[in-house]
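In: Sequence and predicted model, in that order:
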Amino acid sequence: MLAWGSLTKTDVIGAIVVIALLSVVPFVGSRYIVGIMTVALCYAIWASSWDFMSGLTGRENFGHSLFIGTGAYTAGFLNVSFGLSPWWGFPAAAIIAVLFSLIIGIPTLRLRGPYFALAMLSGAVVMQKLSIIFSETTGGQDGLNGLSPMLRSQVSAYYFTLVALVVTVIVLKFIALSPWGTILRAIRGDEATCQAAGINVNFYKISALMISAAFAGFGGALYANYQLQVGPDLFDVALSINIIIMVYVGGMGSIYGAVGGALLLIGLTEGLRSFSEYRLWVYTLILILILFFIPNGVIAPAWVRVREWIIGRSAAFTRRASA
Amino acid sequence: MLDIIIYGAVISAVYALLAVGFTLIFGVARILNLAHGAFYALGAYCVYTLTANLHVPLVIAAVIAVLLVALFGIAMERVLVRPLRRLPPLAVLMMTLAVGLMVEQILLLIFGSEARNVPSLVESSFNFGGVLLSGQRLLAFFCSVAILGGLWLFMQHTRLGAAILAVSQDPEGARYMGIPSDRIFSIVMGLSAAIAAAAGVLVAPFQSVIPGMGLLPLVKAFAIVIVGGLGSIPGSIVGALLLGYTETIVAFKASIEWSQIVSVAAVLIVLIIRPAGFFGKRAAF
Amino acid sequence: MSALLHVEGLTKRFGGLTAVKNVSFALEPGEITGILGPNGAGKTTLFNLLTGFMRPDRGTIGFDGVPLIGVAPHRIVNRGLARTFQLTRPFIGMTVVENVVVGCLAPRVRAEGHTEARARDMLDRVGLGAKANVMVDALSYGDLRRLEIARELVTRPKLLLLDEPFAGLGTSEIEPLAALIRELHKSEGLTILIIEHRLREFMQLVRRVIAMDFGEIIATGSPAEIVRHPRVIEAYIGRGGDDLEARLGVAPENARGIA
């Protein structure tokens, strides 16, 4: 294990506390709250998978909804049109999303400039339009309805989503802390220097996008199986942008920050439900404020502070105890 | 056949207007301006407010609208974009996106979501060999061509135009030559906003004026600029012709729905096959 | 023994400008060689061609007996040809060790394992051991040069190309860095090729200088010979009319004395 940037005991305890808090939600919250939280956990999976690619390598992806939508539709087709068990939807969704990531990533990630971002954005828009044009197979605006439920109770669906999120974050964080992650962050620093250090940057960028797409597609299938419905809004540009804002709020490149950002913003959205027409306003305003005043985001830097404080306190405590 | 040629020409001219400003600010300041569609929508709404609420004559309203949006563009560059230039380029991109969303929200709050009507300057229609074209579309075509021509003269024959070209070709070198690139960025943002607003003003009478009207033009501008090559003005004009006509043909031969997909599909195909666009990177008039 | 690097007829054009014109030279193993030339002489383009960042229009490059044309930059590093950049661009947002670890992760040396230990060893050797855990953003320019050299050295190059390593450094930083380069050359038996636009830094460092102007090699020889070479003098004095001393960074008489 590498000595720097690796997890401290405090990090692990912090993660356990958060997981524990999320686990008690079904005991204290209403059905409505549990529903919202399930959606929030899906957003957290999407945001952390976005962060893995774009936060670490700095190559911004403006069409993450492409992976989410293709994943969700894959799960929907397998279930509704082919009658397969919902469980098949997960691996299939991940594989199809990875396929799309290769189609767009291989030609455009090699280039400097905004080409990759734009290709992702247009890829998502094309898929959205296609899903409306081929309405006989895709259900058009209404999408695919009547997926057979994968789990019987709403609470078990919540816990399944929570486990999926925890696994996602652990896997992505594990890679981010490994030499792979070091290389991805180096790519963010400077690609030419990275090449001069003997690193095949294209291989790492494309692999990172594949991993990101796999988790996003998986998350899309999860969302489809929870909502029992898939619609063209899953390809929406607005969805991609919301995810980016979540990661900005959370703090780029930390993975766990993205989770916090997603939960925070979904919570805020719910809190502002009575002002729903101002919701986009609030998101936009938050984005501008963050860009201007706290470009490093909120959640991840806040946790770093808290961790320092805890470590400082416990060190002081040990000193006093031994004295 | 004739209808395709005529309608395609009108659409292409307006698209060229949209794309030229978009590519200009990218070429000069490397800003991919996601608020470009907002300039277009603001232009249309300014004309609407000036004529419907303040009863300003249409021609004067059009000029005022273009100037106001130009000022807005300059203000945006000064206040919101410039302080972020030392951050990674994603920050600037996100800021322009935020401005675009913000403008749309403000228009929605003030004017509501229903479509507004802007009167036409020319009411009569013209008949070209059996194809009926409204006077406003004809006006839009001629004004667009005139504005593009004016821009060409400005770039070729004024010192400011030469300075803009110099910055777009070599920002570092231009700074050594004593061209203040910050000022140029502001001016170009204003110019780009004015041209987009002019497009909005010209199409307002035959387009539905709604708060979200800027999104599609933004996508079109994207598409054209990608097809023509980011930063290339002649490329964006050729791209506009290519896309305008392809869309018109698809709309006439297939359906309006398919025509909407043309631009984004073009972006995707060009990016995957030949990402530098079909007209290189450097050329600019 | 045959040449480590063999360049033959290398040419690169940008539009109407020929940045590198028919350049041929060879480097023997263990040699330390300088490339001298005023700004715009094509030195950095030559490096970009040698390291695969640009593709030449004509000519051949043989390294260790294998042709290098059309090989990707990272593959070239993994064959043992490393380079630094004129403008050092470290991996911002990472610590100094992490910056060097990236070099340890190159396929050529990755199997050796112990990436962090190797990175720290190398930092000790270039004199940055104490700053290993500092964020790279806080380093001085001179330290960034050392860091860059460390990051390349961990890939165990046979040939190291240094692109103006002394540019932007104060006089107090130049001599220690030159000493480090000499030391590395001696202890590792490393073959080194250095670009400079002033001769002063070369005087005690290199045996042989290749002088370039307008993309062509105009002279080859010892620093003392180069300083007196009429075409070099013309290349430096012919432009702008400054005195030779300032432009070359050394007075000819002085140079003779040192050499």
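Out: Cool, the structure landed. Residues are numbered from 1 along each chain as shown, chains lettered A, B, ... in the order given.

In: what about chain C, any weak spots by pLDDT?
Out: Under the criterion pLDDT under 70, the flagged ranges of chain C are C:1, C:237-259.

In: what's the residue closest to the geometric middle of it?
Out: C:L162 (1.7 Å; C-alpha atoms, centre = their mean).

In: Show me the helices in the stretch 1-150 of chain A, by range?
Out: In the stretch 1-150 of chain A, the helices defined using DSSP state H, counting those that start in this stretch lie at A:9-28, A:31-50, A:56-57, A:65-76, A:86-108, A:115-133, A:135-138.

In: Same list (these) but as TSV, adding mean pLDDT and mean neighbour count.
Out: From N, CA and C alone the C-beta is placed, and that goes for glycine too. As requested, those are exported to TSV (pLDDT from 0 to 100; neighbours: other C-beta atoms under 10 Å in any protein chain shown):
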stretch	mean pLDDT	mean neighbour count
helix A:9-28	91	13
helix A:31-50	95	23
helix A:56-57	94	26
helix A:65-76	96	31
helix A:86-108	93	21
helix A:115-133	86	24
helix A:135-138	84	14
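
In: Can you add distance to chain B and give those back as CSV?
Out: What follows is the helices of the stretch 1-150 of chain A, written out as CSV (distance: least, C-beta to the nearest C-beta, whole Å):
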stretch, distance to chain B
helix A:9-28, 26
helix A:31-50, 12
helix A:56-57, 12
helix A:65-76, 11
helix A:86-108, 5
helix A:115-133, 4
helix A:135-138, 10
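
In: picking that back up, and the residue nearest to the centre of chain C, bridged to which residues?
Out: C:I194 (DSSP bridges).

In: so where do the helices sit in the stretch 151-300 of chain A?
Out: Under DSSP H, counting those that start in this stretch, the stretch 151-300 of chain A gives helices at A:154-177, A:179-189, A:191-196, A:201-227, A:237-250, A:256-271, A:279-293, A:299-322.

In: no, scratch that, I was asking about the stretch 1-150 of chain B
Out: Remark: helices assigned in the stretch 1-150 of chain B by DSSP H, counting those that start in this stretch are B:2-29, B:36-48, B:58-75, B:89-111, B:135-157.

In: Please work out which of those helices is packed deepest.
Out: Mean neighbour count (mean count of other C-beta atoms under 10 Å in any protein chain shown) peaks for helix B:36-48 among the helices of the stretch 1-150 of chain B, with a mean of 28.

In: got the angle between that helix and helix B:58-75?
Out: Orientation check (axes from the mean of the first three to the mean of the last three C-alpha atoms, to 10 degrees): helix B:36-48 against helix B:58-75 gives 140 degrees.

In: name the helices or strands packed onto helix B:36-48?
Out: Where contact means 3 or more C-beta pairs under 8 Å, 6 or more residues apart in numbering or on different chains; DSSP states H and E, helix B:36-48 is packed against helix B:2-29, helix B:58-75, helix B:89-111, helix B:181-203, helix B:215-228.

In: Specify the stretch among those that is closest to chain C.
Out: With C-beta to the nearest C-beta as the measure, helix B:89-111 is the member of these nearest chain C (13.9 Å).

In: Let me know the average pLDDT across the closest one.
Out: Average pLDDT, helix B:89-111: 86.

In: swap in stretch A:173-180?
Out: 93.

In: Looks like B:A140 contacts B:V203 (just checking).
Out: Yes: the criterion here is C-beta atoms under 8 Å, and B:A140 meets it with B:V203 at 6.0 Å.

In: Overlap in contacts, those two.
Out: Shared between the contact lists of B:A140 and B:V203 (criterion: C-beta atoms under 8 Å, 6 or more residues apart in numbering or on different chains) are residues B:V14.

In: Which among the helices of the stretch 151-300 of chain A is found nearest to chain B?
Out: Taking the helices of the stretch 151-300 of chain A one by one with C-beta to the nearest C-beta, helix A:279-293 is closest: 4.6 Å.

In: how far does that closest one sit from the chain's center?
Out: 20 Å (C-alpha atoms, centre = their mean, to the nearest Å).

In: tilt between it and helix A:256-271?
Out: Using the same axes, to 10 degrees: helix A:279-293 against helix A:256-271 is 140 degrees.

In: Buried residues in helix A:279-293, which are they?
Out: A:L280, A:W281, A:V282, A:Y283, A:T284, A:I286, A:L287, A:I288, A:I290, A:L291 (16 or more other C-beta atoms under 10 Å in any protein chain shown).

In: Select, out of the helices of the stretch 151-300 of chain A, the one closest to chain C.
Out: Closest to chain C of these is helix A:179-189 (C-beta to the nearest C-beta; 3.0 Å).

In: Tell me the helices and strands packed up against that closest one.
Out: On a contact count with 3+ C-beta pairs under 8 Å, 6+ apart, helix A:179-189 meets helix A:56-57, helix A:191-196, helix A:201-227, helix C:96-104.

In: quick one, which of these is packed in tightest?
Out: Highest mean neighbour count of those: helix C:96-104, a mean of 28 (counted as mean count of other C-beta under 10 Å).

In: Helices of the stretch 1-150 of chain C, start to end?
Out: Per DSSP H, counting those that start in this stretch, the stretch 1-150 of chain C carries helices over the ranges C:43-50, C:73-78, C:96-104, C:107-110, C:115-125, C:141-153.

In: Name the nearest residue to C:M54, sequence neighbours excluded.
Out: Spatial nearest neighbour of C:M54, excluding adjacent residues (C-beta to C-beta, 6 or more residues apart in numbering or on different chains): C:N48 at 4.2 Å.

In: quick one: contacts for B:G112?
Out: Under the criterion of C-beta under 8 Å, 6+ apart, B:G112 has no neighbours.

In: Report the separation between it and B:I106.
Out: Distance, B:G112 to B:I106, using C-beta to C-beta, to the nearest Å: 12 Å.

In: same check, this time on A:S148
Out: Distance from A:S148 to B:I106, by C-beta to C-beta: 45 Å.

In: picking up where we left off before, please tabulate the helices of the stretch 1-150 of chain A in JSON lines and include distance to A:P295 as additional columns.
Out: Below are these laid out as JSON lines (distance: least, C-beta to C-beta, whole Å):
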{"stretch": "helix A:9-28", "distance to A:P295": "23"}
{"stretch": "helix A:31-50", "distance to A:P295": "17"}
{"stretch": "helix A:56-57", "distance to A:P295": "17"}
{"stretch": "helix A:65-76", "distance to A:P295": "24"}
{"stretch": "helix A:86-108", "distance to A:P295": "26"}
{"stretch": "helix A:115-133", "distance to A:P295": "18"}
{"stretch": "helix A:135-138", "distance to A:P295": "40"}
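
In: Figure out which of the ones you listed is closest to C:L169.
Out: Closest to C:L169 of the helices of the stretch 1-150 of chain A is helix A:56-57 (C-beta to C-beta; 31.6 Å).

In: contacts for that closest one?
Out: The contact list for helix A:56-57 (C-beta under 8 Å, 6+ apart) reads A:A176, A:G181, A:L184, A:R185, A:I187, A:R188, A:Y204, A:K205, A:A208, A:G253.

In: Equivalent analysis for stretch C:148-156, please.
Out: Applying C-beta under 8 Å, 6+ apart, the external contacts of stretch C:148-156 come out as A:193, A:196-198, C:77-78, C:80, C:82-85, C:88, C:90, C:99-100, C:102-104, C:106, C:108-109, C:118-119, C:122-123, C:125-126, C:128, C:160, C:162, C:165, C:180-181, C:184, C:188.

In: Select, out of the helices of the stretch 1-150 of chain B, the one closest to C:G42.
Out: Closest to C:G42 of the helices of the stretch 1-150 of chain B, according to C-beta to C-beta: helix B:2-29, at 27.6 Å.

In: Please work out the average pLDDT along the closest one.
Out: Taken as a whole, helix B:2-29 has an average pLDDT of 89.

In: residues contacting A:M127?
Out: If you count contacts by C-beta under 8 Å, 6+ apart, A:M127 has them with A:L66, A:G69, A:T70, A:F235.

In: ok, the third one to A:R59 distance?
Out: Right, the one you point to is A:T70. From A:T70 to A:R59 the distance is 20 Å (C-beta to C-beta).
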